[in-house]
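[1] got a structure for you, letters missing:
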């Protein structure tokens, strides 16, 4: 029986980011958190879109760098983000009500 | 390449038929279900919040929770550094960073319990006195439960690390724990904005 070859991605040695990248991401997360809190005190129509944008940036930093999705197989990214097809409309409808 | 090596990923763990690591694939599938679970909870919370007064969250302590958010971000950094440490075969740093993760995670959960106690004992916000309160305790409680599970998992990982179960060639269990912990952090990043700041 012919053996199914693993993808090259899975067999390659890891190319995860180093300590310096982790520290930069951490600094980015801390700064974005500070900006979020500052934005929460402003009033006006820009507040909610800005807060959503800032939290999305923070979430993507964690997912891409700390969870290594930027460096791992794209299958993992597909699996993780596939539910967003259902989730984004659900959250959107809940937000605009 | 022999059959044995061809079915091993970089961590010395068995791969699935897709060539992906089985443990990591399983964790990403689990996290996809968690995305749907938390999304349904968040949608329910937003609906309840929409039926509550606009300033229903004014009783929440933003400065304290902002510091608590920072503490959880610190725990994500220490998990990332623990994976980086064992990737280089450094057992001592692995244990140190995992212990720091346990400390940060425990602090986060303690502050959350303190917040619950302050809100309920003062009667300002309880699970039964308003729709916002019901939604708040349901969503943050589910997240807190995930942190609690993560703390148990972290303690187990420290125990395994102290028994020398991990090496530079075999650290998938550390990485899979890290995926779970980072996901819990991602959920909080979103909850912090939706519940406290908006």
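    Perfect, thanks for sending it. Here the structure is a predicted model, which means the values were calculated and not measured. Numbering: from 1, shown residues only, chains lettered A, B, ... in the order given.

[2] got the contact list for the spatially most central residue of chain A?
    What sits nearest the mean C-alpha location of chain A, by CA atoms, centre = their mean, is residue A:60, with 1.9 Å. For residue A:60, no residue meets the contact criterion (CB atoms under 8 Å, 6 or more residues apart in numbering or on different chains). Using the backbone N, CA and C atoms, a C-beta is placed for each residue, glycine as well.

[3] Repeat that for residue B:58.
    When contacts are counted by CB under 8 Å, 6+ apart, residue B:58 is found next to no other residue.

[4] quick one: it from residue A:35, how far?
    21 Å (CB to CB, to the nearest Å).

[5] Next, count neighbours for residue 35.
    Because you didn't say which chain, this covers chain A. Other residues near residue A:35 number 15, with proximity taken as other CB atoms under 10 Å in any protein chain shown.

[6] please go with chain B instead
    By the measure other CB under 10 Å, the count of residues near residue B:35 is 21.

[7] That one: helix or strand, and which one exactly?
    helix B:22-50 (DSSP states H and E).

[8] do that helix and chain A meet at all?
    Yes - among the residues of helix B:22-50, B:24-25, B:28-29, B:31-32, B:35-36, B:39-40, B:42-44, B:46-47, B:50 lie within reach of chain A under CB under 8 Å from any CB of the partner chain.

[9] Assign the closest residue to chain A within chain B to one of the three secondary structure states.
    With CB to the nearest CB, the shortest gap between chain B and chain A falls at residue B:19, namely 3.0 Å. Secondary structure for residue B:19, judged by DSSP: H, G, I helix; E, B strand; the rest coil, is coil.

[10] Can you show me the helices along chain A?
    A:8-11, A:19-40, A:47-61, A:74-81, A:84-96 (DSSP state H).

[11] what's the fourth one packed up against?
    In this case it means helix A:74-81. Applying 3 or more CB pairs under 8 Å, 6 or more residues apart in numbering or on different chains; DSSP states H and E, one finds that helix A:74-81 makes contact with helix B:22-50.

[12] okay, the nearest residue to residue B:101 once chain neighbours are set aside: pLDDT?
    Residue nearest to residue B:101 in three dimensions, not counting chain neighbours: residue B:78, with 4.5 Å by CB to CB, 6 or more residues apart in numbering or on different chains. pLDDT, residue B:78: 98.

[13] For residue B:78, grab the count of nearby residues.
    Counted by other CB under 10 Å, the residues lying close to residue B:78 total 24.

[14] Kindly report the same for residue B:62.
    The number of residues packed near residue B:62 is 17, by other CB under 10 Å.

[15] Low-confidence ranges, chain B, go.
    Low-confidence segments of chain B, defined by pLDDT under 70, are located at B:1-16.

[16] Provide a list of residue ranges in chain A with pLDDT below threshold.
    A:1-15, A:97.

[17] where's residue B:150 relative to residue B:110, distance?
    Counting by CB to CB, the gap from residue B:150 to residue B:110 is 14 Å.

[18] With residue B:118 instead?
    Remark: distance between residue B:118 and residue B:110 (CB to CB) = 13 Å.

[19] Spit out the contact partners of the residue lying closest to residue A:63 once chain neighbours are set aside.
    Take residue A:63 and drop its neighbours on the chain: the residue closest to it by CB to CB, 6+ apart is residue A:69, 5.2 Å away. Contact criterion CB under 8 Å, 6+ apart gives A:63, A:76, A:77, A:80 as the residues in contact with residue A:69.

[20] What distance do you get for residue A:69 to residue B:184?
    Here residue A:69 is placed at a distance of 16 Å from residue B:184 (CB to CB).

[21] With residue B:133 instead?
    Using CB to CB, residue B:133 is found at 23 Å from residue B:184.

[22] Which one's more surrounded, the two?
    Comparing residue B:133 with residue B:184 by neighbour count (other CB under 10 Å), the higher total belongs to residue B:184, at 24 against 20.

[23] Name the nearest residue to that one, sequence neighbours excluded.
    residue B:146 (4.9 Å).

[24] elements contacting the helix or strand in which that neighbour is found?
    When secondary structure is defined using DSSP H and E, the element that contains residue B:146 is helix B:131-162. Helix B:131-162 makes packing contacts with helix B:22-50, helix B:91-122, helix B:172-191 when contacts are defined by 3+ CB pairs under 8 Å, 6+ apart.

[25] and that helix, which residues are buried?
    By neighbour count on 16 or more other CB atoms under 10 Å in any protein chain shown, the buried set for helix B:131-162 is B:131-137, B:139-140, B:143-144, B:146-147, B:150-151, B:153-155, B:157-158, B:161.

[26] Check stretch B:78-98 too.
    Using 16+ other CB under 10 Å as the test for burial, stretch B:78-98 gives B:78-87, B:94-98.
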